[in-house]
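Novice: For reference, the sequence and a predicted model appear below.
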Amino acid sequence: MFNKLDNLSSQTRIIIAVVLALAFFIPYSYFYAPKPQENNATSTQVQTTQTVPATQTTPSTQPKPDFTQPQASTQEIIATINAENFEYQIDRLGRITRVTLKEEKYHKDTKDLELFSNDIANQNNPKILEIRFADSMLNQQAFSTPYEASATNLTLKDQPQTITLTQKLESFTLKKILTFHPNGLYEIKVEIPQNYTYFISPGMRPSAENDSYVFKGVIIKEQDNTITTIEDGDSKGQSNFANSSILAAVDRYYTTLFFSDSNNLNSAILSNAEKNPMPFLSANGNLELHGFIGPKNYRLLESINPNLTEVVEYGIITFFAKPLFLLLETLYDWCGNWGWAIILLTLIVRIVLYPLTYRGMVSMQKLKDLAPKMKEIQQKYKGEPQKLQAHMMELYKKHGANPMGGCLPLLLQMPVFFAIYRVLYNAIELKGAAWLLWIQDLSVMDPYFVLPILMGITMYLQQHLTPTTFNDPIQEKIFKFLPLIFTIFFVTFPSGLVLYWFVNNIFSILQQLLINKALERKKAREIAAHKEHKNHKAEK
């Protein structure tokens, strides 16, 4: 096996590296979320017995409440909260059932963005601020008893405003005292007698973005500051997390969440029929916490509570991707445009990675120069793998060439490229951000395919300048088709990401030209020195 690997050309290794990279990018983008871990720290179990078959079971010793869902007629709106950038509607069961974002950059088809789908398939999922009881009879009563609102309309300007929702049940009166802020933050106070166990939900994840290459599901920040993610389709049974600080349901760009500075949230994650996580907090008696509904804008979340920036996460590579995003944001502050900030970020990355790039290019040039001698050895020792291996290694050693030298730097750069890919693909800051004349939104595909085509052209030029040592014409043809494959692959990608790749190709071409000239000058000096040495010997 090792003999065969050593006999591969450097360009073949690059093809393998690119194919492996593509094979890594797509599956990892979809499946990167860690599997949920069960935590038995909270003792209360909860089961949903709905108008559809139950999707999970609990031990027979635990309560099995009847969480019968309301019918469509219960969607009557009793209160509306209006702010400059959003509108919430509260239904007769004291739940926020409709969230509309008004900012133009979030518009969909020139209309205000609806964060949640209201189709029938989602009627059994919990809504924002929905309360379910552990006692089945009490729960059925709660779903058939409407709330009363202290006001039907709140208009938020500069100051927060409060609304009280009251539900008069047979045994007690339940109150939700909600204080809404203009930035999407809200405060929750639930007043309820101590001897009633209940569950309150931040709601299912927003359904405004359904891209299959990003994480969609639930994020929990636990007491030890670790982040646990449960992705749609991966939720099984019930998972409990005691003393967490954040419980968030997220899609690519938006979130609805609960948080607490005192790490006192007891989170319970259930599964619905599609194995999607349904987030709840378990409580007994009065409860106070904070919530947020809106975009995962880093600065906005940081201004509300620095802890909330954990909701903007990029999987296992978050530790590296987040600093790259902060660098990108700093560059944006300096130049005032996200497109130019991406270009500056690309330049900085190229400068930092230049030593690796230089070594890789020099190694490929050495292998190209050795190609004729390598071919001679391969022909001479054809059918004698041991001798072929020995003479190839001797050739590499004599000329200081590394058969993996061209491939290894590329592989070392892949984590950087992947981190940038994650940052540019998930950054809502790029939404509605224009660059030049035809790019009006860096978060969506180039409407005229200009950037993907330019990226393909520059990739072809880069190939033309890169030293090659093809011995197999089929390999050469495959490699020449890579620019076309990448162009097609990137057509539907966000233009901000394609811009990065295009500019990266431009800088690669410039680096290759400079290195080629430097190598030519070095080679010319070596030839001149060799001639001078020969002449000196002849004179003697």
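Specialist: That came through, no problem.
Novice: From Leu308, how far out is the residue most central in space within the chain?
Specialist: Residue closest to the average C-alpha location in the chain (C-alpha atoms, centre = their mean): Tyr314, at 4.2 Å. The gap separating Tyr314 from Leu308 is 16 Å, by C-beta to C-beta, to the nearest Å. C-beta coordinates here come from the backbone N, C-alpha and C atoms, glycine included.
Novice: before we move on, what about Gln141?
Specialist: Distance, Gln141 to Leu308, using C-beta to C-beta: 35 Å.
Novice: same question, Ile90
Specialist: Relative to Leu308, and taking C-beta to C-beta, Ile90 is found at 23 Å.
Novice: do Trp340 as well
Specialist: 28 Å.
Novice: more neighbours, those two?
Specialist: Leu308 (24 against 16; other C-beta atoms under 10 Å).
Novice: got the contact list for the closest residue to that one other than its chain neighbours?
Specialist: Closest residue to Leu308 apart from its sequence neighbours, by C-beta to C-beta, 6 or more residues apart in numbering: Leu301 at 4.0 Å. Counting by C-beta atoms under 8 Å, 6 or more residues apart in numbering, Leu301 makes contact with Phe292, Leu308, Thr309, Val311, Val312.
Novice: Am I right that Leu301 falls within a helix?
Specialist: Yes. Leu301 forms part of a helix when assessed by DSSP: H, G, I helix; E, B strand; the rest coil.
Novice: what ranges do the helices span in the stretch 201-350 of the chain?
Specialist: Counting by DSSP state H, counting those that start in this stretch, the stretch 201-350 of the chain has helices at residues 298-304, 318-335, 338-352.
Novice: tell me the angle the longest one makes with helix 338-352.
Specialist: Using axes from the mean of the first three to the mean of the last three C-alpha atoms, to 10 degrees, the interaxial angle of helix 318-335 with respect to helix 338-352 works out to 120 degrees.
Novice: what residues does stretch 310-328 touch?
Specialist: By C-beta under 8 Å, 6+ apart, the surrounding residues in contact with stretch 310-328 are 28, 32-34, 215, 219, 221, 227, 229, 246, 248, 250, 255, 257, 296, 298, 301, 338, 341-342, 345, 348, 415-416, 418-420, 422-423, 426-427.
Novice: Endpoints of it, how far apart?
Specialist: Stretch 310-328 has an end-to-end distance of 18 Å (C-alpha to C-alpha, to the nearest Å).
Novice: So, low pLDDT: which residues of this structure?
Specialist: 1-75, 119-122, 404-410, 412, 467-473, 475, 539-540 (pLDDT under 70).
Novice: Look through it and tell me its longest helix.
Specialist: helix 495-539 (DSSP state H).
Novice: Looking at the contacts of Leu301, which one is closest to Pro182?
Specialist: Phe292 (12.4 Å; C-beta to C-beta).
Novice: so the closest one sits right up against Val250, yeah?
Specialist: No. Taking contacts as C-beta atoms under 8 Å, Phe292 lies outside contact range of Val250: 11.2 Å.
Novice: got any residues that touch both of those two?
Specialist: Joint contacts of Phe292 and Val250 (C-beta under 8 Å, 6+ apart) are Leu257.
Novice: The closest residue in space to Pro126 that isn't next to it in sequence: what's it in contact with?
Specialist: Nearest residue to Pro126, sequence neighbours excluded (C-beta to C-beta, 6+ apart): Ser201, at 3.8 Å. Ser201 is in contact with Pro126, Lys127, Ile128, Leu129, Glu130, Arg132, Met278, Pro279, Phe280, Leu281, counting by C-beta under 8 Å, 6+ apart.
Novice: can you pull up the bridge partners for the last one?
Specialist: Spelled out, that is Leu281. Ile200, Ser267 (DSSP bridges).
Novice: That one and Asn264, how far apart?
Specialist: Counting by C-beta to C-beta, the gap from Leu281 to Asn264 is 10 Å.
Novice: For these two, indicate the residue with more neighbours.
Specialist: Counted by other C-beta under 10 Å, Leu281 and Asn264 do not tie: Leu281 has more neighbours, with 24 against 16.
Novice: related to what we said a few turns ago, from the contacts of stretch 310-328, which ones fall inside strands?
Specialist: Using DSSP state E, the members of the contacts of stretch 310-328 that fall within strands are Ile219, Lys221, Ile227, Thr229, Ile246, Ala248, Val250, Thr255, Leu257.
Novice: Need the buried ones from those selected in PyMOL.
Specialist: Buried residues among these (16 or more other C-beta atoms under 10 Å), as a PyMOL selection:
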select buried, resi 219+221+229+246+248+250+255+257
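Novice: between the ones in strands among the contacts of stretch 310-328, which is closest to Ala151?
Specialist: Leu257 (24.8 Å).
Novice: Does Trp446 touch Pro452 like I think?
Specialist: Careful, residue 446 is Asp; it's not Trp. Yes. Asp446 lies in contact with Pro452 (C-beta under 8 Å); the separation is 6.2 Å.
Novice: which secondary structure elements does the helix or strand Lys387 falls within contact?
Specialist: For Lys387, the element it lies in under DSSP states H and E is helix 385-399. Contacts defined by 3 or more C-beta pairs under 8 Å, 6 or more residues apart in numbering; DSSP states H and E place helix 385-399 against helix 2-7, helix 354-380.
Novice: Show me what that helix is in contact with.
Specialist: If you take C-beta under 8 Å, 6+ apart as the criterion, helix 385-399 is touched by 3, 6-7, 366, 369-370, 373-374, 377-378, 380-382, 401-403.
Novice: Report the buried members of those.
Specialist: Asn7, Lys366, Asp369, Leu370, Met374, Ile377, Tyr381, Ala401, Asn402, Pro403.
Novice: separation between Val190 and Pro277?
Specialist: For Val190, the distance to Pro277 equals 22 Å [C-beta to C-beta].
Novice: I meant to write Glu76 there.
Specialist: 28 Å.
Novice: neighbour count winner among the two?
Specialist: Comparing Glu76 with Pro277 by other C-beta under 10 Å, the one with more neighbours is Pro277, at 26 against 9.
Novice: In this structure the more buried one contacts Ile219, no?
Specialist: No. Pro277 lies out of contact with Ile219 (C-beta under 8 Å); the separation is 9.8 Å.
Novice: Overlap in contacts, these two.
Specialist: Contact criterion C-beta under 8 Å, 6+ apart; residues shared by Pro277 and Ile219: Ala249.
Novice: residues touching Ala341, list them.
Specialist: Leu328, Glu329, Leu331, Tyr332, Trp334, Cys335.
Novice: cool, and Leu101?
Specialist: Asn85, Phe86, Asp112, Leu113, Leu115, Gly294, Pro295.
Novice: If we use 10 Å, what do you get?
Specialist: Residues in contact with Leu101 (C-beta atoms under 10 Å, 6 or more residues apart in numbering) are 85-87, 107-108, 112-115, 184, 206, 208, 254, 293-295.
Novice: So which of those is the closest to Leu437?
Specialist: So of the contacts of Leu101, ranked by how close each gets to Leu437 (C-beta to C-beta), first place is His107, at 20.6 Å.
Novice: For Leu113, see how far away that closest one is.
Specialist: His107 is 6 Å from Leu113, by C-beta to C-beta.
Novice: and if you look at Met393?
Specialist: As judged by C-beta to C-beta, Met393 and Leu113 stand 62 Å apart.
Novice: the more surrounded of the two?
Specialist: Between Met393 and Leu113, counted using other C-beta under 10 Å, the more crowded position is Leu113 (22 against 12).
Novice: ok, that one touching Asp251?
Specialist: No. Judged on C-beta atoms under 10 Å, Leu113 makes no contact with Asp251 at a distance of 11.9 Å.
Novice: Give the residues shared as contacts by those two.
Specialist: Pro206, Ala208, Glu209.
Novice: quick one, phi psi at the second one?
Specialist: Pointing back at Ala208 there. In terms of degrees, to the nearest 10, the main-chain angles of Ala208 are phi -80, psi -30.
Novice: Buried among the shared contacts of Leu113 and Asp251? Need that as a selection in PyMOL.
Specialist: Command for PyMOL, covering only those of these found buried under the criterion 16+ other C-beta under 10 Å:
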select buried, resi 206+208+209
